[in-house]
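A.B. asks: what follows is a predicted protein model with its sequence.
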Amino acid sequence: MKWEHEFEDKLLKQDLRDVNAAKYAEKIRSCNNIIIWGTGSASDALYQFLEKFQCLDRVKYYADNQKERWGALKNGYMTLSPEEAVKEAGEKDSLIIIASMRFPVIRKQLLSLGMEERMIDTAGFTVANDYDTYKKETAYQIIQSHYDEYKQVYYDLEDRRSKEIYLNILNSKISLDNQYLKGISSAPEKQYFDPELLKLREDECFCDCGSYNGDTMETFFHLTGGKCKKYIAIEADKGICRELNQKISDRDYKNVIALNLACWNKKTILKFQSARSAGHITDLGEIEVFADTLDHMVKDEPVTMIKMDIEGAETAALTGAGKVIRKNKPVLCICIYHSLEDFYRIPLIMKELNEDYHLFIRNYTDMVAAETVCYAVPANRLDLGNQEGGQ
């Protein structure tokens with residue numbers, strides 16, 4: 001085997017969660033002026049981390065791009081505009097910690113406003129988020145508990161780039177160090193339709209699980225020139241599904257149907273927490289939604305592609321799509337970033353459903369292990385000539 005023992009040799013062999021969390025906290029304590037950029041939910045884990053490590057006395061302000069939040073208090077701290085934040089960060093030992101999924105864009109914005117590179121922190125978001133996520137069982141412990149499964153997936157991956165992405169994400173989780181993620185992302189607009197891996201056809205029967213308000217649908221029709229055999233958009237959130245139907249009507253999309261259902265492994269009613277693009281199934285959900293299997297929802301459709309971004313329900317939904325997948329052997333584009341366990345569970349389910357699938361992994365958020373997609377591509381849909389990274 002060309003890469004024999006590579007996984008075993010390159011996977012980190014020490015649990016670095018607590019060591020590196022303490023190192024990051026020490027870095028923060030060496031600064032007298034901390035500004036947290038972002039006032040949404042993404043900043044909450046960072047605040048809790050700083051509180052746990054007794055660093056809150058270093059925090060002076062929040063900052064945000066949303067004008068309606070300027071001047072408002074967040075956890076007792078004033079929220080500044082971007083210009084005000086850069087001005088207040090004029091001290092030599094200041095840091096602006098970007099606590100947002102959009103930090104590549106925000107970093108560029110800060111640089112354009114005259115902020116020095118060394119005063120922009122892009123590590124805190126990953127450190128705090130992963131420290132909180134793996135507080136009961138560390139990423140290292142999870143990976144070691146399922147070592148053989150992670151190793152199997154690694155050697156099942158088809159190309160060099162997929163292996164690099166997979167291993168680096170695992171190491172970033174073990175170490176809380178997002179420097180492992182440097183250079184592994186692809187352009188966000190390629191997500192689900194990555195030209196390195198496959199070419200879209202004009203006769204696709206595309207099943208969009210977790211269609212949200214139609215953002216993936218817009219990209220699909222842009223790439224196909226508005227053509228398809230059928231587009232099946234499935235969205236659990238009733239309010240967002242109304243937006244989706246409105247977009248279908250406004251854009252006059254043809255051959256599209258929208259289903260207000262959750263994808264699951266059986267027909268049932270589930271608890272659901274509405275949260276715009278992050279709505280998800282949870283026992284703590286405030287509303288109830290109807291759920292069903294893809295085997296029932298699209299059983300008579302000649303499905304050629306299935307995309308899933310359903311906030312952690314992907315494993316259950318894939319299990320409920322077994323008949324459709326075995327029968328049609330569609331291209332699968334499935335998000336695996338919602339849990340560390342999905343990094344082995346989902347690829348292994350794909351191979352179980354069709355052992356001839358070729359597996360690839362791509363990541364579509366710079367310096368963050370998010371929007372990570374596992375592709376399962378049948379041999380007749382491969383576009384090997386366009387792949388980056390080689391075989």
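C.D. replies: It's in.
A.B. asks: show me which residues of stretch 298-317 are buried.
C.D. replies: 298, 301, 303-311, 313-317 (16 or more other C-beta atoms under 10 Å). Where you see a C-beta, it was placed from the backbone N, CA and C, and this is true even at glycine.
A.B. asks: among those residues, show me the least confident.
C.D. replies: Note: of those, the lowest pLDDT belongs to Glu311, at 87.
A.B. asks: that one in helix, strand or coil?
C.D. replies: Secondary structure assignment for Glu311 (DSSP: H, G, I helix; E, B strand; the rest coil): coil.
A.B. asks: pretty sure it sits against His338.
C.D. replies: Yes. Judged on C-beta atoms under 8 Å, Glu311 makes contact with His338 at a distance of 5.9 Å.
A.B. asks: helices along the stretch 251-391 of the chain, start to end?
C.D. replies: Here the stretch 251-391 of the chain has its helices, by DSSP state H, counting those that start in this stretch, at 294-297, 314-319, 322-328, 342-353.
A.B. asks: so can I have TSV of those helices showing distance to Asn32?
C.D. replies: Compiled in TSV, the helices of the stretch 251-391 of the chain are given as follows (distance: least, C-beta to C-beta, whole Å):
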stretch	distance to Asn32
helix 294-297	55
helix 314-319	44
helix 322-328	56
helix 342-353	39
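A.B. asks: ok, which of those helices comes nearest Thr282?
C.D. replies: helix 314-319 (12.9 Å; C-beta to C-beta).
A.B. asks: so which elements touch that closest one?
C.D. replies: strand 305-308, strand 331-335, helix 342-353 (3 or more C-beta pairs under 8 Å, 6 or more residues apart in numbering; DSSP states H and E).
A.B. asks: relative to Arg160, which of these is closest?
C.D. replies: helix 342-353 (16.6 Å).
A.B. asks: for the closest one, buried residues please.
C.D. replies: 342-350, 353.
A.B. asks: and which of the residues you listed is nearest Phe53?
C.D. replies: Phe343 (27.9 Å).
A.B. asks: surely that closest one touches Leu167?
C.D. replies: No. Judged on C-beta under 8 Å, Phe343 makes no contact with Leu167 at a distance of 10.7 Å.
A.B. asks: where does this structure dip in pLDDT?
C.D. replies: 1-4, 91, 275-280, 384-391 (pLDDT under 70).
A.B. asks: looking at it, which helix is longest?
C.D. replies: Ranked by number of residues, the top helix in the chain under DSSP state H is helix 160-175.
A.B. asks: for that one, output the C-alpha coordinates as CSV.
C.D. replies: Output of helix 160-175 as CSV, limited to C-alpha atoms (Å, rounded to 0.1, in the frame of the first residue of the first chain):
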residue,chain,number,x,y,z
ARG,A,160,-3.9,12.5,-1.3
ARG,A,161,-5.9,15.7,-0.5
SER,A,162,-8.7,13.8,1.2
LYS,A,163,-6.1,12.0,3.4
GLU,A,164,-4.4,15.3,4.3
ILE,A,165,-7.7,17.0,5.2
TYR,A,166,-8.9,14.0,7.3
LEU,A,167,-5.7,13.6,9.3
ASN,A,168,-5.2,17.3,9.8
ILE,A,169,-8.7,17.8,11.1
LEU,A,170,-8.3,14.9,13.6
ASN,A,171,-5.0,16.4,14.8
SER,A,172,-6.6,19.9,15.2
LYS,A,173,-9.3,18.4,17.4
ILE,A,174,-6.7,16.5,19.5
SER,A,175,-4.5,19.5,19.9
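A.B. asks: show me where the stretch 51-200 of the chain has strands.
C.D. replies: 59-63, 73-74, 77-80, 94-98, 120-121 (DSSP state E, counting those that start in this stretch).
A.B. asks: those strands: which one's closest to Leu270?
C.D. replies: Closest among the strands of the stretch 51-200 of the chain, once you apply C-beta to C-beta, is strand 73-74, at 32.6 Å.
A.B. asks: paired strands for the closest one, with orientation please.
C.D. replies: Here strand 73-74 is paired, per DSSP bridges, with strand 77-80 (antiparallel).
A.B. asks: now the strand it pairs with: how far from the chain's centre is it?
C.D. replies: Centroid separation for strand 77-80 versus its chain: 29 Å, with C-alpha atoms, centre = their mean, to the nearest Å.
A.B. asks: for that strand, buried residues please.
C.D. replies: Here strand 77-80 shows 77, 79-80 as buried, counting by 16+ other C-beta under 10 Å.
A.B. asks: which of these lies closest to Ile257?
C.D. replies: With C-beta to C-beta as the yardstick, the closest approach to Ile257 among the buried residues of strand 77-80 comes from Thr79, at 42.9 Å.
A.B. asks: mind listing what Ala123 touches?
C.D. replies: 24, 177-179 (C-beta atoms under 8 Å, 6 or more residues apart in numbering).
A.B. asks: Gln191 versus that one, what's the distance?
C.D. replies: According to C-beta to C-beta, to the nearest Å, Ala123 and Gln191 sit 24 Å apart.
A.B. asks: same check, this time on Gln109
C.D. replies: Distance from Gln109 to Gln191, by C-beta to C-beta: 23 Å.
A.B. asks: what about the two, which has more around it?
C.D. replies: Gln191 (22 against 17; other C-beta atoms under 10 Å).
A.B. asks: what's near enough to touch the more buried one?
C.D. replies: Shown in contact with Gln191 (C-beta under 8 Å, 6+ apart): 362, 364, 371, 373.
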